[in-house]
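>>> This is the structure alone, sequence omitted:
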């Protein structure tokens, strides 16, 4: 239930502290710029500016860091759309339809769609957080390794959605990705697939591998092309088309609501977050869409679904951090560090004694989402100029920036080497029509899948009946089965409709 007196106190705090508002726009700009830079994660951007907050009061410090969080959440979609480079791991699904739209000359509309979906997703997540922070926290406390394993399995169901024309090629690519994700030392201390290379003990570096698979490989395939968009008329930077994309997003409230719900729930689960939520939202939207076969070819619904989920996962992560003092990921861990720097401990006691501060943080995020709409408009208008740069300049520039970014992530040559190796693998997969996206999904989920299966086995001591004692896991598996059934039924209906249309055409022709 809402505490009206605490809400009034929160509004009073925000209205009397001008510093709480001064840092909003700088934080959003920092997040947008860093999020759009390949290899710079959200948590890295926040970590760079964490020392600055030591000289701020607590509330302005948290608002500044959450502004970076909000800006970077959308910033990653800009290179995802324009160059097929997910600026962050949460923007992977945005590349599936955003980049094809850009190649078709619809880059302005795609960026407008992504911006609107991000704004609406962020707003939705904090509205849900305002009312459901306590229930969400209670659910998260009951999540065990079996439930997280079930969610990872649900993510693996995406392989069917990302398989393209050949289901078997998609499954093979996905299994390859899972194998890559399990390279290194697991939680039981076993070492697999390292080939004696010490750099691989911690596993394949995920971000450099993704950059190689999704970005560098695509650039290698564009070497004989002059521009990202061949038609000169389509390369124009159009503010009107960005607005057109913004308006189009509002025509799909169901997709945004579904993405927001998925983002909040999965974002609240520690260690899962936006990297998985955007993929599940994309797959569920494709499953429910009557034009599901056009996904991956530039369908605007795919962009909306991905961006609504990855932005709303911020609210879920904040719920876990504020209510339980548990970081859902790197970004919320940085926020907890900011709490500690100001001698404040997050968790139930923090909410119990500082409801006005909690509400002030939530209300400031409403303002961040609204400001993101205006700051983001200017940012995407400027970023759209990338499509006018000849590829003979763009390809080496992006490769150099990606190389430096991959080095910054690992702090060693393992990053650039991983980028190069996976660029070659990605190029070969595109060349022979294997879905690169399925490898990325497998890579993201492989370690999560294995670690939680191992923990479940250890807790249950091998007793399969343990699953029947976990109603949350049963519910998730039930939803998965229902999803598979509905997907099969919708495919059967589409095939039946196509066969009927073909038969009708033959009768008319005869």
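Received the coordinates, thanks. Only a predicted model underlies this, so the values are computations on that prediction, with no experimental measurement involved.
>>> Could I get the full set of strands for the chain?
Secondary structure of the chain (DSSP state E): strands at 184-185, 191-192.
>>> Among those, which comes closest to residue 467?
Smallest distance to residue 467 across the strands of the chain (C-beta to C-beta): 25.9 Å, for strand 191-192. Every residue, glycine included, has its C-beta placed from N, CA and C.
>>> returning to that earlier point: format the strands of the chain as JSON lines; extra columns: distance to residue 243, mean neighbour count and mean pLDDT.
JSON lines is the format used below for the strands of the chain (distance: least, C-beta to C-beta, whole Å; neighbours: other C-beta atoms under 10 Å; pLDDT from 0 to 100):
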{"stretch": "strand 184-185", "distance to residue 243": "47", "mean neighbour count": "16", "mean pLDDT": "83"}
{"stretch": "strand 191-192", "distance to residue 243": "51", "mean neighbour count": "12", "mean pLDDT": "83"}
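>>> Any figure for the gap between the closest residue to residue 33 other than its chain neighbours and residue 154?
Once flanking residues are discounted, residue 33 sits nearest to residue 75: 6.8 Å by C-beta to C-beta, 6 or more residues apart in numbering. Distance, residue 75 to residue 154, by C-beta to C-beta, to the nearest Å: 27 Å.
>>> coming back round to it: isn't the residue nearest to residue 33 up against residue 32?
Yes. Using C-beta atoms under 8 Å, residue 75 makes contact with residue 32 at a distance of 4.2 Å.
>>> which residues are common contacts for the two?
residue 379 (C-beta atoms under 8 Å, 6 or more residues apart in numbering).
>>> out of the two, which sits in the more crowded spot?
Of the pair residue 75 and residue 32, residue 75 is the one with more neighbours under other C-beta atoms under 10 Å, namely 33 against 28.
>>> pLDDT at the more buried one, what is it?
The per-residue pLDDT reported for residue 75 equals 85.
>>> Distance check, it against residue 420.
Taking C-beta to C-beta, one finds residue 75 at 25 Å from residue 420.
>>> likewise residue 396?
On the measure of C-beta to C-beta, residue 396 and residue 420 end up 14 Å apart.
>>> cool, and residue 26?
From residue 26 to residue 420 the distance is 36 Å (C-beta to C-beta).
>>> Other residues contacting stretch 242-257?
108-117, 120-121, 124, 285, 300-301, 304-305, 308, 377, 380-381, 384.
>>> For the stretch 401-510 of the chain, just list every one of the helices.
414-431, 436-460, 471-509 (DSSP state H, counting those that start in this stretch).
>>> Could you count how many residues lie near residue 94?
Residue 94: 34 neighbours (other C-beta under 10 Å).
>>> swap that for residue 322, sorry
26.
>>> pretty sure it is touching residue 345, no?
No. With contact defined as C-beta under 8 Å, residue 322 does not reach residue 345; the gap is 11.4 Å.
>>> Let me know the pLDDT of residue 103.
82.
>>> Next one: it from residue 301, what distance?
Distance from residue 103 to residue 301, by C-beta to C-beta: 18 Å.
>>> Which one's more surrounded, these two?
Taking other C-beta under 10 Å, residue 103 and residue 301 do not tie; residue 301 has more neighbours (23 against 19).
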